[in-house]
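A.B. asks: The sequence and its predicted three-dimensional model are supplied below.
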Amino acid sequence: MEKSYLIPASIILSTLVVVYGWTNVNQKIVSNEENKNERAPIAAQIIELPVVWGNLGAQMISAGVIDRAQFEAVYESRGGLSDADKKLIDNLQNGNLVANQENSGLLLNLFWALGLGNKNEILEKGPMTDPSYGGAGGFASTGGWILANGGAMDHYSKHLFIVLTPEQQALVEKTSKNIYRPCCNNPTHFPDCNHGMAMLGLLELLASQGASEDEMYKVALQMNSFWFPNEYATIARYLTSKGVKMQDVGPKEILGINYSSGSGYAKVEQSLPREQNQGGGSCGV
């Protein structure tokens, strides 16, 4: 297992680039005219995820994983939370989550808090607890979560927001070991940055509500494409250069180490002419 270190939150999200994604037969794409085409750009899509959010936001505020005042203060400098955003942290009866490029950063932070605070064996027995790293508190996913009431480690794997059956836990374990993100070189099973911890929270939510393995990979790729639009556009261009359409390659393969890990993506990028304004998602709040 490759070591991972605290990633500065100063990495900046750069230019938004179009990327193609998959639709799921159990998902709705709430879309405008250009989204009727299955190859509509992810950046333009509004995707209804196959999970009910319910009162999870309110639960996390009540438990202190999210400090409401601090959370709102962060978004004040970004134009403030919309009414729809506020419902995700206030409403007790939210329906299915709707994701788009505009709210993808908010969902990233909500899933991050969920993955961090929800009690799970992956956090308690997985790579995060390897003593050679000096404890679980020194990673970007833990030290970088500054919006809790108290310290992030006061909430690390402490709350029963989602309780999984043994079968559901096994599914989270399995998928998390094969879902990477281009900012790091570790799978979700080693959630050392915000994107990894957020993906862990999302996978737990999906599994708890009966999603299949295939559905979990599809949703994971859709959210990764929102969080890393430039990188997945580059992967799509790479596949096109090989005569392959991205939507014809399975989400599981795209999310694996050869494409979506930091090292895998670097090889993909190096094989194409370098473009200006390339960059990825920030690993900070």
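C.D. replies: In hand now; what should we look at? Numbering: from 1, shown residues only.

A.B. asks: alpha carbons only for contacts and neighbour counts from here, please
C.D. replies: Will do.

A.B. asks: Where does residue 174 sit, in terms of helix or strand?
C.D. replies: According to DSSP states H and E, residue 174 maps onto helix 166-176.

A.B. asks: Quick one: classify residue 148 as helix, strand or coil.
C.D. replies: coil (DSSP: H, G, I helix; E, B strand; the rest coil).

A.B. asks: need the contact list for it.
C.D. replies: 64, 65, 66, 67, 70 (CA atoms under 8 Å, 6 or more residues apart in numbering).

A.B. asks: if we go to 10 Å?
C.D. replies: 60-61, 63-71, 113, 117, 154-155 (CA atoms under 10 Å, 6 or more residues apart in numbering).

A.B. asks: Break down the stretch 151-285 of the chain into its helices, ranges please.
C.D. replies: Counting by DSSP state H, counting those that start in this stretch, the stretch 151-285 of the chain has these helices, from start to end: 166-176, 194-208, 213-227, 229-241, 251-255, 262-270.

A.B. asks: Let's have those in a markdown table, adding distance to residue 103, mean neighbour count and mean pLDDT.
C.D. replies: As requested, these are arranged in a markdown table below (distance: least, CA to CA, whole Å; neighbours: other CA atoms under 10 Å; pLDDT from 0 to 100):
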| stretch | distance to residue 103 | mean neighbour count | mean pLDDT |
| --- | --- | --- | --- |
| helix 166-176 | 23 | 18 | 98 |
| helix 194-208 | 14 | 27 | 98 |
| helix 213-227 | 9 | 23 | 97 |
| helix 229-241 | 14 | 21 | 95 |
| helix 251-255 | 22 | 20 | 97 |
| helix 262-270 | 24 | 17 | 97 |
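
A.B. asks: With adjacent residues omitted, what lies nearest to residue 55?
C.D. replies: residue 92 (4.1 Å; CA to CA, 6 or more residues apart in numbering).

A.B. asks: Show the secondary-structure elements that the helix holding residue 174 is packed against.
C.D. replies: helix 121-125, helix 194-208, helix 213-227 (3 or more CA pairs under 10 Å, 6 or more residues apart in numbering; DSSP states H and E).

A.B. asks: chain center to the shortest one, what's the gap?
C.D. replies: Relative to the centre of its chain, helix 121-125 is centred 18 Å away, using CA atoms, centre = their mean, to the nearest Å.

A.B. asks: How about stretch 63-72?
C.D. replies: The answer for stretch 63-72 is 19 Å, by CA atoms, centre = their mean.

A.B. asks: ditto for stretch 51-60
C.D. replies: In terms of CA atoms, centre = their mean, the centre of stretch 51-60 is found 16 Å from the chain centre.

A.B. asks: and that stretch, how far apart are its ends?
C.D. replies: Start and end residues of stretch 51-60 are separated by 17 Å (CA to CA, to the nearest Å).

A.B. asks: Just the mean pLDDT for it, thanks.
C.D. replies: In this model, stretch 51-60 has a mean pLDDT of 98.

A.B. asks: Longest strand in the chain, by number of residues?
C.D. replies: The longest strand of the chain (DSSP state E) is strand 47-54.

A.B. asks: Direction included, what does that strand pair against?
C.D. replies: Applying DSSP bridges to the sheet, strand 47-54 is found paired with strand 28-29 (antiparallel), strand 94-99 (antiparallel).

A.B. asks: do you know which of those strands lies nearest residue 79?
C.D. replies: Smallest distance to residue 79 across the strands paired with strand 47-54 (CA to CA): 18.5 Å, for strand 94-99.

A.B. asks: May I see the buried residues of the closest one?
C.D. replies: Residues of strand 94-99 classed as buried by neighbour count (16 or more other CA atoms under 10 Å): 94, 95, 98, 99.

A.B. asks: Just put these in CSV and tack on pLDDT.
C.D. replies: CSV is the format used below for these (pLDDT from 0 to 100):
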residue, pLDDT
94, 97
95, 97
98, 96
99, 96
